[in-house]
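Asker: Need coordinates for the below:
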Amino acid sequence: MSNGFWSQADAYFFRLLGLFLGFSGCSALLINNPPSQVFTNPYGIVFFFLFSSLAIYSVLAIIWDILKIKSGKQR
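Answerer: Residues are numbered from 1 along each chain as shown. Okay, here's the model as predicted:
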């Protein structure tokens, strides 16, 4: 458990948390509001953008880290 194990575990935990928060936020916006209100209301657009960008960034960070581990270029 050396070479930054806890920092890696912490990073994966927060990336998964970001993925869950982003996905559940987008889902809650679309389930509780009609799409016409979400995409025409400024608040709906801003919050949908924030939640979706959080989810997309988390997924890309996880994929990028997995590719680095497979290629042997881990930190």
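
Asker: what about Lys70, how many neighbours?
Answerer: By other CB atoms under 10 Å, the residues close to Lys70 number 9. (Each C-beta comes from the backbone N, C-alpha and C, glycine too.)

Asker: where's it, which helix or strand?
Answerer: Secondary structure from DSSP states H and E places Lys70 in helix 42-71.

Asker: list the buried ones in that helix?
Answerer: 44, 47-48, 51, 54-55, 58, 61-62, 65 (16 or more other CB atoms under 10 Å).

Asker: So which elements touch that helix?
Answerer: Applying 3 or more CB pairs under 8 Å, 6 or more residues apart in numbering; DSSP states H and E, one finds that helix 42-71 contacts helix 5-32, helix 35-38.

Asker: Of those helices, give the one that comes closest to Ile69.
Answerer: For those, proximity to Ile69 was assessed by CB to CB; helix 5-32 is nearest, at 9.5 Å.

Asker: which of the residues in the closest one are buried?
Answerer: Under 16+ other CB under 10 Å, the buried positions of helix 5-32 are 15, 18-19, 21-23, 25-26, 29.

Asker: Turn these into TSV, columns for distance to Gly72 and pLDDT.
Answerer: Below are the buried residues of helix 5-32 laid out as TSV (distance: CB to CB, whole Å; pLDDT from 0 to 100):
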residue	distance to Gly72	pLDDT
Arg15	21	94
Gly18	26	95
Leu19	25	95
Leu21	31	96
Gly22	30	96
Phe23	31	96
Gly25	36	95
Cys26	35	94
Leu29	40	93
